[in-house]
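A.B. asks: I would like to see how this sequence folds:
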Amino acid sequence: MSEQTKTRRRGKELEAAILDAAWDQLVADGYDRFTIDAVAERAQTSKPVLYRRWSTRQDLLRAVIRRRGTVNAAPIPDEGSLREDLLALLRFSNSSNGSMAALMTTLVSSHFGDIGMTPVELRAEMFTERSSSLEPVLTRAVRRGEIDAAKLTPRIADLPYALLRHEYLMTFACVPDETLLEIVDDIFLPLVRPN
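C.D. replies: Residues are numbered from 1 along each chain as shown. You can find the predicted model right below:
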């Protein structure tokens, strides 16, 4: 068996390697240079291998975003209080593991219209796993009596992340921890606490 045969990537391993290389290409060089050629070269594979999976670079981009949202899904924290759990989730999303700042910077600077995706679609693609991390945290807080369930509308539940997204869009940088504390302590918790 040759050395090349032993190291040949196939199936899910190959797809993961391509999507990781595509993410690196996107963040390093922006959407303008996010091409099938560039991704194939970075992934050390051929263009036909990519075209068998994704017919356009927009399809490839969506797959990259979905993978980032899945690979970087926040672990479900259990720090003993709603405040600490929310801070853990926001800090994770704000970290390099969360990748939101890098992605927003790259895509906004490339114009959403050019990539065939609106910010709402980006959010849906990137954060399919986020609701599964936030929901148990909020459910636990209701059981502990930290939240009035009647006050927890879908929009209020999304508020900490909506404010985090706003900060990203205004600065294209990770959000300072004091801002995360303000989002949780001064804005979110007063809205949901029992009277």
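A.B. asks: pull the helix or strand with minimum mean pLDDT from the protein.
C.D. replies: Least confident helix or strand, the chain: helix 3-7 with a mean of 46, by mean pLDDT, DSSP states H and E.
A.B. asks: what comes up buried for whatever helix or strand comes next after it?
C.D. replies: As assigned by DSSP states H and E, the chain's next helix or strand after helix 3-7 is helix 11-29. Buried residues in helix 11-29, defined by neighbour count with 16 or more other Cβ atoms under 10 Å: 15, 18, 19, 20, 21, 22, 23, 25, 26, 27. The way it works is simple: take the backbone N, C-alpha and C, and place the C-beta from them, glycine included.
A.B. asks: stretch 56-71 too?
C.D. replies: So, applying 16+ other Cβ under 10 Å, buried residues of stretch 56-71: 57, 60, 61, 62, 63, 64, 65, 66, 67, 68, 69.
A.B. asks: pLDDT weak spots in this structure?
C.D. replies: Scanning the chain for pLDDT under 70 picks out the ranges 1-7, 69-73, 96-132.
A.B. asks: try it again with 80
C.D. replies: Counting by pLDDT under 80, the chain contains low-confidence residues at 1-9, 27-28, 30, 68-74, 94-132, 168-173.
A.B. asks: tell me how it divides into domains.
C.D. replies: 3-67, 76-192 (automatic domain parsing).
A.B. asks: now do the last one: distance from first to last residue.
C.D. replies: Domain 76-192 has an end-to-end distance of 20 Å (criterion: Cα to Cα, to the nearest Å).
A.B. asks: span of stretch 38-57 from start to end?
C.D. replies: Terminal-residue distance, stretch 38-57 (Cα to Cα): 11 Å.
A.B. asks: surely residue 181 meets residue 90?
C.D. replies: No: the pair residue 181 / residue 90 is not scored as a contact, 9.3 Å apart, by Cβ atoms under 8 Å.
A.B. asks: more neighbours, these two?
C.D. replies: Shown here are residue 181 and residue 90; by other Cβ atoms under 10 Å, residue 90 has more neighbours (24 against 13).
A.B. asks: just give the nearest non-adjacent residue to that one, would you?
C.D. replies: Sequence neighbours aside, residue 180 is the residue nearest to residue 90 in space, at 4.8 Å (criterion: Cβ to Cβ, 6 or more residues apart in numbering).
A.B. asks: from the chain's centre, how far out is the one helix or strand that neighbour maps to? Work that out for me.
C.D. replies: Assigned by DSSP H and E, residue 180 belongs to helix 177-182. Using Cα atoms, centre = their mean, to the nearest Å, the mean C-alpha position of helix 177-182 is found 20 Å from that of the whole chain.
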